[in-house]
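A.B. asks: What shape does this take:
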Amino acid sequence: MAQSNIQLSMLLLNIIDTLNANVFLTFEPEIIRIGETLSLVCTVADVDIINQGLIRQWTKGPELICYNGHPIDPLKYSEIVTKDNQFKLQINNVTESDLLCNYQCRYSFETQTKKKEISKHTFEYPPANETKATIKSNVSDESSTIHLHLKKVYPMPICTVTVGDSQMALDIVKHHTNGIYYEVYMIKRLANSIKCNRDFEVSCQLIKNYSIAVENIDPCKAEAVAFTDDSETGNELLISLPTVFIVLIVVIGFLIFKKRLIRRDSYQEEKNEKDTNSDVESQPCTCTSSSNVSDNSRSTTESETNLEEKEKCLSQYSGLGVENEQQKEYIRR
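C.D. replies: Below you'll find the model as predicted:
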């Protein structure tokens, strides 16, 4: 019974301490950036140490996001209880949905609700990593023009270009707003700025200064590339000319050889034909002319003998390659 009274007395003292305590909600760091970590700090006044037996609760609007150190999304939220009179809620990888919300911290029955104010001094949305400034050069008047397009930034940036020892601000030619964010188009024309190996540096000042990558369309580089290409083409021509010359000589030699071969074959054919005709003229033939056979009184045996001789003569002419039809006809007769 006595022990129960002691516990009840301790509970009443804790309630009295809590009723006397006030909680204060603050944000760390002072400047918020997308993708970084934001901490909500709940400070309990009039206590030296946080009593972890009492309720600690965090809400985002009407949504409960952490209760007594147990977050609904451990990857997104985590709670830290310090050794003094504070406990913190860390919001990892801050997104746009984490902004402009009412956050509330609760310690026992004490609460405070607060919204993080967004201003050009407390919030920054930097240019995207892939953002590039394009520099185009005009050889005719030796000028360069810088173009920069920032699709989404906050606050309104002040961008500059540095060439050598000179620094100039880019001019805003157009901008749009989407909520609190800006889409900005900038341009700057630099007269007498074409010099080979000259570096352009572009940067934008928001809360912090950000360096912007530069895509320089440099006529000096273009000339160097063109020179390199011509040299390579010249080398290719020097290499290919001897090859073409050799191939041409081989083709001409082949044509001459073929022409001589054709002439030799033609000459050989003519010579063979002459030799054949000579053999025919010199070949003896004992054929009896048909003019000598005029006597109708000769015997049948003599006629058959003459016919056999004609056939022999005809076969001799055929074996020698004689193709004169008149001679053949003469023999047959």
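
A.B. asks: Can I get stretch 163-180 in CSV? Just the C-alpha atoms.
C.D. replies: This file holds the C-alpha atoms of stretch 163-180, laid out as CSV (Å, rounded to 0.1, in the frame of the first residue of the first chain):
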residue,chain,number,x,y,z
VAL,A,163,36.8,35.8,-69.2
GLY,A,164,40.4,36.3,-68.2
ASP,A,165,40.4,39.1,-65.6
SER,A,166,36.9,40.4,-66.7
GLN,A,167,33.7,39.4,-65.0
MET,A,168,30.3,40.3,-66.5
ALA,A,169,26.7,39.6,-65.4
LEU,A,170,24.4,37.6,-67.7
ASP,A,171,21.3,39.4,-68.8
ILE,A,172,17.9,37.8,-67.9
VAL,A,173,15.9,38.0,-71.1
LYS,A,174,12.9,35.9,-70.0
HIS,A,175,11.7,34.0,-66.9
HIS,A,176,8.6,32.1,-65.7
THR,A,177,7.4,31.1,-62.2
ASN,A,178,6.0,27.7,-61.2
GLY,A,179,4.9,28.0,-57.5
ILE,A,180,7.9,29.4,-55.8
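
A.B. asks: Specify the residue ranges that define each domain of this structure.
C.D. replies: Domain assignment for the chain, taken from automatic domain parsing, gives 2-123, 125-217, 220-281, 283-292+299-332.

A.B. asks: least reliable of those going by mean pLDDT?
C.D. replies: Ranked by mean pLDDT, the domains of the chain end with domain 283-292+299-332 at the bottom, a mean of 51.

A.B. asks: got the residue ranges for the helices in this protein?
C.D. replies: Remark: helices assigned in the chain by DSSP state H are 2-20, 219-282, 300-319, 325-332.

A.B. asks: Dump stretch 49-65 to CSV, keeping only the CA atoms.
C.D. replies: Written as CSV, here are the backbone C-alpha positions of stretch 49-65 (Å, rounded to 0.1, in the frame of the first residue of the first chain):
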residue,chain,number,x,y,z
ILE,A,49,16.6,15.7,-19.0
ILE,A,50,14.0,14.1,-21.2
ASN,A,51,11.9,11.6,-19.4
GLN,A,52,11.6,8.7,-21.9
GLY,A,53,8.6,7.3,-19.9
LEU,A,54,6.5,10.2,-21.2
ILE,A,55,5.0,10.5,-24.7
ARG,A,56,7.1,11.8,-27.5
GLN,A,57,5.3,12.3,-30.8
TRP,A,58,5.8,13.8,-34.2
THR,A,59,3.2,14.7,-36.8
LYS,A,60,3.3,16.1,-40.3
GLY,A,61,0.0,17.8,-40.8
PRO,A,62,-2.6,15.2,-39.8
GLU,A,63,-0.2,12.3,-40.4
LEU,A,64,1.6,10.6,-37.5
ILE,A,65,5.2,10.0,-38.6
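
A.B. asks: going forward, begin numbering at 88 instead of 1
C.D. replies: In the new numbering, first residue 88, that becomes stretch 136-152.

A.B. asks: Give me the contacts around it.
C.D. replies: When contacts are taken as Cβ atoms under 8 Å, 6 or more residues apart in numbering, the neighbours of stretch 136-152 outside the stretch itself are 101, 105, 127, 129, 131, 153-156, 158-160, 164, 166, 168-174, 176, 185, 188-195. All C-beta spots, glycine's among them, are computed from the backbone N, C-alpha and C.

A.B. asks: Could you tell me which of these count as buried?
C.D. replies: Using 16 or more other Cβ atoms under 10 Å as the burial test, the contacts of stretch 136-152 include 105, 127, 129, 131, 153, 158, 164, 166, 172-174, 176, 185, 190-195 as buried.

A.B. asks: Show only the entries of these found in strands.
C.D. replies: In this view, the buried ones among the contacts of stretch 136-152 that belong to strands under DSSP state E are 127, 129, 131, 153, 158, 164, 166, 173-174, 176, 190-194.

A.B. asks: Kindly indicate which of those residues lies nearest residue 252.
C.D. replies: Nearest to residue 252 among those: residue 127, at 46.7 Å, using Cβ to Cβ.

A.B. asks: who are the neighbours in contact with that closest one?
C.D. replies: Each residue near residue 127 by Cβ under 8 Å, 6+ apart is listed here: 112, 113, 114, 145, 175, 176, 177, 178, 190, 192.
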